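Asker: Build me a model:
(4 chains)
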4 protein chains.
Amino acid sequence: MGTGRLEAFSDGVIAIIITIMVLELKVPHGTSFEELRPVFPVLLSYVLSFIYVGIYWNNHHHMLHLVQTVTGPILWANLHLLFWLSLVPFVTAWMGENQLTTLPVALYGGVLIMAAFAYLILATLIARHEGRDSVFAKAMGRDIKGKVSPVLYGAGIVMAFVQPMISVALYVAVAAIWFIPDRRVERTLGAGS
Amino acid sequence: MGTGRLEAFSDGVIAIIITIMVLELKVPHGTSFEELRPVFPVLLSYVLSFIYVGIYWNNHHHMLHLVQTVTGPILWANLHLLFWLSLVPFVTAWMGENQLTTLPVALYGGVLIMAAFAYLILATLIARHEGRDSVFAKAMGRDIKGKVSPVLYGAGIVMAFVQPMISVALYVAVAAIWFIPDRRVERTLGAGS
Amino acid sequence: MGTGRLEAFSDGVIAIIITIMVLELKVPHGTSFEELRPVFPVLLSYVLSFIYVGIYWNNHHHMLHLVQTVTGPILWANLHLLFWLSLVPFVTAWMGENQLTTLPVALYGGVLIMAAFAYLILATLIARHEGRDSVFAKAMGRDIKGKVSPVLYGAGIVMAFVQPMISVALYVAVAAIWFIPDRRVERTLGAGS
Amino acid sequence: MGTGRLEAFSDGVIAIIITIMVLELKVPHGTSFEELRPVFPVLLSYVLSFIYVGIYWNNHHHMLHLVQTVTGPILWANLHLLFWLSLVPFVTAWMGENQLTTLPVALYGGVLIMAAFAYLILATLIARHEGRDSVFAKAMGRDIKGKVSPVLYGAGIVMAFVQPMISVALYVAVAAIWFIPDRRVERTLGAGS
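Answerer: Coordinates of the predicted model:
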């Protein structure tokens, strides 16, 4: 099975997730700066989540670029990843409406950590399918970012019960780490061609 | 007519259906565990429906993989399937908000059984178009799962009036049966190539 | 310019329109048949609109199948058609919530007639671009259905002020006329190949 | 990296944005002309935004038509543009519900100016990637419209604090300027082939 429809479907779901979040930006009734103010924390949550979902799309794009065929388990691992990403708008809205209170911030980290694990599972299944000596397995080789992220998310979840501000700082830090698309892939491809 | 746009359109609709359901997860007003609790049954309904829609996408993917051209009736049979799938978010939300009461659970089964029939009609039309000796007709050959599913859904609808818990167990059972993508297709293709 | 992205974008918008309508099916609060009853007229409106949008997708599919390249004006004529189709969920919801009252039924017809004109404009621009002797121009040749539809919609709008039931019957009639995809296209293609 | 998935993803997001706006057209409760009246200013905002988003899609279409490969920064510049476009439904709804009051009209211009800058950044990155002598760089050459637009948006934002009507006139003017798709691209391509 080719990757065409898997990519198209994933693009569709991710496009909807990224756009649906903005629906949570509820239009204020009045027209003063005062009434616009409660929109800002929601907007900031939205910006963070937009970048996160953008990172996932970007890395997903890079990852599948190296893959020729997919199997049933890979299709399901991909759906599993999309499931956790689809919960991002929900936790984004909850966090945005309750300025940095413990539980929403912890749950936001919880969804992020599950998405990170889902991505790891997907990458592992693809690497196994492609074979140990494949371009893919080499490119993913020492996936430091993939291993560090869940640790930072975990720390974020724990810190939410101490000082949610620190959790958000940790989430922003992971986003910053991932912001640059996977150079490893481009480097390996560049070396190969 | 090729299958390209049919696949793209179906992917689009299914992607929206699967993502729109999460919009029903209404953000709780407070930030305590107490206030998060009513979200759980809705979340569980969502997980079940996500898997169901994922199964349909997966099988749809496998099915159209074997098809070269489509006719007008096939386009409409496909839209008919999408229609019933598009009702899944509605019945999911109703079931999730009314913890396992009779009518919502029965209606959920009703939409599932209609979607199953729609899938059967689509598969039958394609098989007829492809011809009796086609790879497709052979692959779909003895479609045991496709015949067992409606029976189990029917049982689920009836049981909803006795004990809705049993209905949900039956729906989960059907999902489990279908979870593994259609080996028949992969086997037939493998044997042919 | 090829038709690839035009088709993909149109598929996306139509897929969203067809799926978003179901969001108007508001989940009833109770779980009795009584409380489910007000959902039915909305559901019926939804079924009619689903078929209408399905017809447009189907014909759009057939039409662009005959086209190789598109121009700027064609892109805009296509967006113009999508604009009117995007208003379908709004008028569907309004008609569904106000069982067959004059103004919603007339407005529903108004959006349908505008969509029909938009489709005509699109078809005319494509025919002009393809040339008088093109397969497309021949296939569209004597577009009886395309000319009859606006007349029936117009009658529907007028009748809404007398007896809205007749308007709905007229809208259903037009849907029935269009239900069968454009044989002319398939016939012409069949004769050509 | 090819442009295929970038185009598909952008198409998806833009299709959702353009269709989601209509969700803001809240269905009136009654069925009289009186109750339909508050829908009109929202509808007019929607028409303006529909045209704007349509212009962006159109130009995006033309721009990427000239591009063969994309880099990581280009992917992010594209997401940045999509981010600002995704805020269009929010400001459209706010402006539509508060007939031409200062702050919503200014914020609408603010989102438009940011989207214009994002488009400029994207075009600049692509031009740099394609090289100074590329078809793309030549086609984009003296981008007068791209330079005039932000100035008019800026004027619109300022004028919102004097007379919001003038701002809206300015926004309509920019839309009119851009309405015709980029002839430069078609001319250059025509000259080259």
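Asker: Could you list the contact residues of chain A toward chain C?
Answerer: Within chain A, the positions adjacent to chain C are residue A:12 by Cβ under 8 Å from any Cβ of the partner chain. Placement of C-beta: from N, CA and C, glycine included.
Asker: quick one: whichever residue of chain A sits closest to chain D from chain B, how far?
Answerer: Going by Cβ to the nearest Cβ, chain D is nearest to residue A:15 of chain A, at 3.3 Å. Separation of residue A:15 from chain B (Cβ to the nearest Cβ, to the nearest Å) stands at 8 Å.
Asker: A strand includes that residue, no?
Answerer: No. Read with DSSP: H, G, I helix; E, B strand; the rest coil, residue A:15 is helix and lies in no strand.
Asker: Which helix in chain A has the most residues?
Answerer: When every helix of chain A is counted residue by residue (DSSP state H), the longest turns out to be helix A:102-130.
Asker: Which strands or helices does that one pack on?
Answerer: Contact analysis of helix A:102-130 by 3 or more Cβ pairs under 8 Å, 6 or more residues apart in numbering or on different chains; DSSP states H and E lists helix A:39-65, helix A:72-86, helix A:88-97, helix A:135-140, helix A:144-159, helix A:164-179, helix B:33-36 as its packing neighbours.
Asker: hey, which of these is tucked in deepest?
Answerer: Comparing the helices and strands packed on helix A:102-130 on average neighbours per residue, with mean count of other Cβ atoms under 10 Å in any protein chain shown, the densest one is helix A:88-97 at a mean of 25.
Asker: And the contacts of that one?
Answerer: By Cβ atoms under 8 Å, 6 or more residues apart in numbering or on different chains, the list of residues contacting helix A:88-97 from outside reads A:17, A:20-21, A:23-24, A:41-46, A:48-49, A:52-53, A:104-105, A:107-108, A:110-111, A:115, B:22-23, B:25, B:27-28, B:31.
Asker: Now for chain A, the helix or strand with the poorest mean pLDDT.
Answerer: Every helix and strand in chain A was compared by mean pLDDT, DSSP states H and E; the lowest is helix A:183-192, with a mean of 54.
Asker: circling back to that earlier point, excluding sequence neighbours, find me the nearest residue to the residue of chain A closest to chain D.
Answerer: Counting by Cβ to Cβ, 6 or more residues apart in numbering or on different chains, the nearest residue to residue A:15 once its immediate chain neighbours are dropped is residue D:12, at 3.3 Å.
Asker: OK, contacts around residue A:150?
Answerer: When contacts are counted by Cβ under 8 Å, 6+ apart, residue A:150 touches A:113, A:116-117, A:120.
Asker: how near is the residue in chain A that chain C sits nearest to to residue B:157?
Answerer: Closest residue of chain A to chain C, Cβ to the nearest Cβ: residue A:12 (7.8 Å). Going from residue A:12 to residue B:157 by Cβ to Cβ, to the nearest Å gives 31 Å.
Asker: what's the helix or strand for the residue nearest to residue A:15?
Answerer: When elements are defined using DSSP states H and E, residue D:12 is found to belong to helix D:4-20.
Asker: average pLDDT across that helix?
Answerer: Helix D:4-20 shows an average pLDDT of 88 in the prediction.
Asker: how far does it sit from the chain's center?
Answerer: Between the mean C-alpha location of helix D:4-20 and the chain-wide mean there is a distance of 13 Å, by Cα atoms, centre = their mean, to the nearest Å.
Asker: which stretches of chain A have low pLDDT?
Answerer: A:1, A:139, A:141-143, A:180-193 (pLDDT under 70).
Asker: Name the residues of it found near chain D, please.
Answerer: For chain A, the residues in contact with chain D (Cβ under 8 Å from any Cβ) are A:7-8, A:11-12, A:14-16, A:18-20, A:22-23, A:25, A:27-33, A:36, A:47, A:50, A:54, A:57-58, A:61-62, A:65, A:179-181, A:186.
Asker: rewinding a little: so which of the contacts of residue A:150 is surrounded by the most neighbours?
Answerer: Compared across the contacts of residue A:150, residue A:116 has the highest neighbour count, 25 neighbours, by other Cβ atoms under 10 Å in any protein chain shown.
Asker: So that residue sits against residue A:151, correct?
Answerer: No. Using Cβ atoms under 8 Å as the test, residue A:116 is too far from residue A:151 to be in contact (9.8 Å).
Asker: hmm, back to that, quick one, what contacts the residue nearest to residue A:15?
Answerer: A:11-12, A:15-16, B:12, C:12.
Asker: Now render the contacts of residue A:150 as JSON lines, adding distance to residue B:175.
Answerer: JSON lines is the format used below for those (distance: Cβ to Cβ, whole Å):
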{"residue": "A:113", "distance to residue B:175": "25"}
{"residue": "A:116", "distance to residue B:175": "26"}
{"residue": "A:117", "distance to residue B:175": "22"}
{"residue": "A:120", "distance to residue B:175": "25"}
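Asker: Point me to the residue of chain A nearest chain B.
Answerer: Each residue of chain A has a distance to chain B, by Cβ to the nearest Cβ, and the smallest belongs to residue A:12, at 3.3 Å.
Asker: picking up where we left off before, tell me if I'm right that the residue of chain A closest to chain D and residue D:5 touch.
Answerer: No. Counting by Cβ under 8 Å, no contact exists between residue A:15 and residue D:5, whose distance comes to 11.0 Å.
Asker: who's more crowded, these two?
Answerer: residue A:15 (28 against 20).
Asker: what sits against the more buried one?
Answerer: Residues in contact with residue A:15, defined by Cβ under 8 Å, 6+ apart, are B:15, D:9, D:12-13, D:15-16.
Asker: which one of these sits closest to residue C:74?
Answerer: Distances from residue C:74 to the contacts of residue A:15, taken as Cβ to Cβ, are shortest for residue D:15 (17.7 Å).
Asker: roughly how far apart are that closest one and residue B:111?
Answerer: Residue D:15 sits at a distance of 26 Å from residue B:111 (criterion: Cβ to Cβ).
Asker: What of residue A:125?
Answerer: Separation of residue A:125 from residue B:111 (Cβ to Cβ) stands at 32 Å.
Asker: Same check on residue A:167?
Answerer: Taking Cβ to Cβ as the measure, residue A:167 and residue B:111 are separated by 40 Å.
Asker: do residue A:53 as well
Answerer: Remark: distance between residue A:53 and residue B:111 (Cβ to Cβ) = 29 Å.
Asker: mind exporting stretch A:76-94 as CSV, just the C-alpha atoms?
Answerer: Once non-C-alpha atoms are left out, stretch A:76-94 reads as follows in CSV (Å, rounded to 0.1, in the frame of the first residue of the first chain):
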residue,chain,number,x,y,z
TRP,A,76,-3.5,2.3,13.0
ALA,A,77,-0.5,3.8,14.7
ASN,A,78,-1.1,6.8,12.5
LEU,A,79,-4.7,7.0,13.6
HIS,A,80,-3.6,6.6,17.2
LEU,A,81,-1.4,9.7,16.8
LEU,A,82,-4.2,11.6,15.2
PHE,A,83,-6.5,10.6,18.1
TRP,A,84,-4.3,12.3,20.6
LEU,A,85,-3.7,15.3,18.4
SER,A,86,-7.5,15.6,18.0
LEU,A,87,-7.7,16.2,21.8
VAL,A,88,-5.4,19.2,21.5
PRO,A,89,-8.2,21.7,20.8
PHE,A,90,-10.1,20.5,23.9
VAL,A,91,-7.2,20.9,26.3
THR,A,92,-6.2,24.1,24.6
ALA,A,93,-9.6,25.6,25.2
TRP,A,94,-9.7,24.4,28.8
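Asker: Report the distance from it to the chain centre.
Answerer: Distance of stretch A:76-94 from the chain centroid (Cα atoms, centre = their mean) equals 9 Å.
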